[in-house]
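[1] Provide a 3D model corresponding to the input given below.
(one chain, ligands or ions: 3)
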Amino acid sequence: MNTLILRLALPAPVFGLFDYLPPPGVDPALLRPGQRLMVPFGPSERCGLLVKLTGETGVPASRLKAARQLLDEQPLLDETHLDFLAWAAAYYHHPPGEVLMSALPVRLRKGKSPLKPRPSHAFLRQVPEDEARALKKRAPRQAEVLAWMQGQGGCIRLEDFRRRFPSGRSALNALCAKGWAALGLGESAPARAQTPPHDLEPEQQAAVTAVTAGLDEYGAFLLDGVTGSGKTEVYFHIAEQVLARGCSVLLLVPEISLTPQLVRRVAARLAVTVAVMHSGLSAGEREQAWQLARTGRAQLVLGTRSAVFTPMPRLGLVLVDEEHDASYKQQEGFRYSARDLALVRARRAACPVVLGSATPSLESLKNAMDGRYRWLRLTRRAGGAKAPAMQVLDVRNQRLAGGMSPPALQALEQTLGRGEQAMVFLNRRGYAPVLSCYGCGWLSDCPRCDARQTLHRGQGKLICHHCGSERLLPKICPSCGSVELHPLGQGTEQLEEGLSRRFPDYPLVRIDRDAASRKGSLDRLLARVKQGGAGLLVGTQMLAKGHHFPNLTLVVVVDVDSGLFSADFRSAERMAQLIIQVAGRAGRAELPGQVLLQTRFPQHPLLRSLVEQDYNAFARQALKEREMAALPPYSSQALIRASARRPDTAEDFLQQAAELAGQLAQGRVLVWGPVPAPMQKRAGRHRAQLLLQAGRRPELQHLLGALVPALSSLPDAGRVRFSVDVDPVDLY
Ligand code: ADP
Ligand code: ZN
Ligand code: ZN
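    Ligands and ions are numbered 1, 2, ... in the order given. Here you go, the predicted structure:
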């Protein structure tokens, strides 16, 4: 009889799996893929994941070791999921052991036993009114807890509860014992779904019908709907039907800051247990959510990027909200696109996948145009709100005050005077991007990067946004001693200062990463604005996402030009998406909005198609340019990045890689470089890159399959850090 070989994934930077013999004393019939085992590894021991049982191995019998211990009775992951993870590792040319193991929560990766499910929220059930009144005298502590829970809408997270009532658990337990309250798993109480569904508009209905017509098979849909057209409502209607069939739903969102809002909305609408997965959770919380999903106790998983790897039984629908968002791309370590993997996952689960956006990525639009995705369009805002009017403001020869042109200031004044709100958008935080000396021309260079340190006046510091290096704001020029130090250019901090001086009678809220961390939660800042009344919002792209301000009627985009002219061919697409997203914050039925775009290039063709027509016209124009230049999505790219402490090492290494790639590619893949990275020095390291591009994806994949495992054997490999990025979205 053949020897039974266990093929395991181990967390190691190696392109392959590891073979072991079964652990002594374990009945081989108990072994199944997806279980964890402890195995000897070098001088120590590691936890690995069983991927395959086989009869063959390339390891000589003398070197084959036995696993030490079987950790799980039941597999943690099923074979479909293992296959999916292995596919992802192969596609992105990342060591499979790392990809497979990182799909497990941290504790489980280390061989610990799974946590027991723990309730994470409490909710109110029937509370008899007269008895509740009597509680005030008899049990004031319970009455206090009860009142607080009622004030919170009847459902609270236990974490919040512990913070509010550090020693209140016995009072809560007493309420549960009475049957007035109960504890629950996941994010919400299934029994409490309460928001009734909207009657769908015809376009929404058509979208729902298109998707639900094929719930048993793979199908990709692009839900291309203007902001406020009710895409989320469409997700809910489809999800309801999927859940009713006993299947589960995976909903991916780009940002953590959006999740609390959406969690509440999902919980209020769908009668299911929701597991939330994002990087802001503690390891324990994450594992709890993961286990809820894996065991099917949660029927809906709502999460950011990495949630695409959550194991879910009977997956019946994958939704990717804001599919164009760059945060779906992991930019370090295992560089994957959660958006792209969502499609693969749905195909393997034989279920529909819906990509939603008001500004679809050019990749997805092309797939829709080519018929690979069904293109579902929602052209009207729900509830009859009008789309805002967009207008270009030519600021050539204008005297700008703090970056603002006179017509823009005038528009702000009128808007505020009418008791409405205005938003001023600038995608640059800090006070100014550079501090300069008028005496000698000194600039606030970062000592570790080819970049300037940004002036943060509030903190009294110069800070590099690329490496985090900082120093105290100098009072005199570090080079010549002159006091003539002046900021160049604008950031949100400076806008805030200038606008609050100009409009002192109106409240102004600045929203960017600095402000959000300084004043506590973003939610609190936003709540202040949402109360209504005249007011000004100043901020970065944090403003552009997810939030709707009903009283907002004017948006000023301070600088569109930085997006139109950049080394990165995707920057125009990003700027257009940002403009549309920002514009989407403005206007409602009775109050149409206006968007002003300040530019020095009013004739720019991409800008004109966006303003005079719409995002779709812009996208078609941009796709034409990409096609002529043979850029993605008309070609496939991979980027090999390298960095080293000394100047030429990275380039030497990439030169060796380029030669090898040239031999392997035989002219079918373009090998471009090595070239210095757009930012040549960053955090003290010199960086270079090699771009590989092919007209056909399989040719690129074929080359990478041979090239990537050989990279670490190149002569200079030991002297550099390098990475491989398949389908890079950022050339920096
Ligand atoms: P999107 O996700 O496309 O930005 P939402 O789903 O958030 O849009 O919907 C925007 C607003 O319109 C929400 O307040 C939502 O409750 C409302 N809404 C959505 N669909 C309808 C409908 N069919 N009738 C009335 N209101 C709707
Ligand atoms: Zn000087
Ligand atoms: Zn720096």
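[2] got the residues of the stretch 451-600 of the chain near ligand 2?
    477, 479-480, 482 (C-beta under 5 Å from the ion). C-beta here means a position set from N, CA and C on the backbone, and glycine is covered the same way.
[3] just the ones in strands from these, please.
    Among those, no residue falls in strands (DSSP state E).
[4] where does pLDDT dip in the stretch 501-650 of the chain?
    516-523, 525, 544-547, 587-590 (pLDDT under 70).
[5] all the strands of it, residue numbers only.
    For the stretch 501-650 of the chain, the strands defined by DSSP state E, counting those that start in this stretch occupy 508-511, 535-539, 552-557, 594-599, 636-644.
[6] ok, back up a step: highest neighbour count among the residues of the stretch 451-600 of the chain next to ligand 2?
    Within those, most neighbours by other C-beta atoms under 10 Å means Cys477, with 19 neighbours.
[7] quick one, longest helix in this structure?
    Counting residues, the longest helix found in the chain (DSSP state H) is helix 649-665.
[8] so stretch 211-228, near ligand 1 or not?
    Yes: contact of stretch 211-228 with ligand 1 (C-beta under 6 Å from any ligand atom) involves 225, 227-228.
[9] correction: the previous question concerned stretch 263-272.
    No: with C-beta under 6 Å from any ligand atom as the measure, stretch 263-272 is seen stopping short of ligand 1, the closest distance being 8.1 Å.
[10] give the rounded mean pLDDT of that stretch.
    Taken as a whole, stretch 263-272 has a mean pLDDT of 82.
[11] burial count for Arg162?
    Using other C-beta under 10 Å: Arg162 sits among 13 other residues.
[12] Gln35 and Leu100, how far apart?
    Counting by C-beta to C-beta, to the nearest Å, the separation of Gln35 from Leu100 is 13 Å.
[13] the two: which has the busier surroundings?
    Set Gln35 next to Leu100 and count neighbours by other C-beta under 10 Å: Leu100 wins out with 26 against 20.
[14] show me the contacts for the residue lying closest to that one once chain neighbours are set aside.
    With sequence-adjacent residues excluded and distances taken as C-beta to C-beta, 6 or more residues apart in numbering, Leu100 is closest to Ala9, at 3.8 Å. Each residue near Ala9 by C-beta atoms under 8 Å, 6 or more residues apart in numbering is listed here: 17-18, 48-49, 51, 96-97, 99-101.
[15] let's have those residues in a markdown table, adding pLDDT.
    Shown next, in a markdown table, are the contacts of Ala9 (pLDDT from 0 to 100):
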| residue | pLDDT |
| --- | --- |
| Leu17 | 94 |
| Phe18 | 95 |
| Gly48 | 96 |
| Leu49 | 97 |
| Val51 | 96 |
| Pro96 | 95 |
| Gly97 | 94 |
| Val99 | 96 |
| Leu100 | 96 |
| Met101 | 94 |
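[16] measure how far whichever strand or helix holds Ala134 is from the centre of its chain, please.
    Taking DSSP states H and E as the definition, one finds Ala134 inside helix 129-138. Distance, stretch centre to chain centre, for helix 129-138: 47 Å (C-alpha atoms, centre = their mean, to the nearest Å).
[17] mean confidence for it?
    The model assigns helix 129-138 a mean pLDDT of 82.
[18] in it, what's buried?
    Residues of helix 129-138 classed as buried by neighbour count (16 or more other C-beta atoms under 10 Å): 132, 135.
[19] mutual contacts of Gln35 and Leu100, please.
    Joint contacts of Gln35 and Leu100 (C-beta under 8 Å, 6+ apart) are Leu49.
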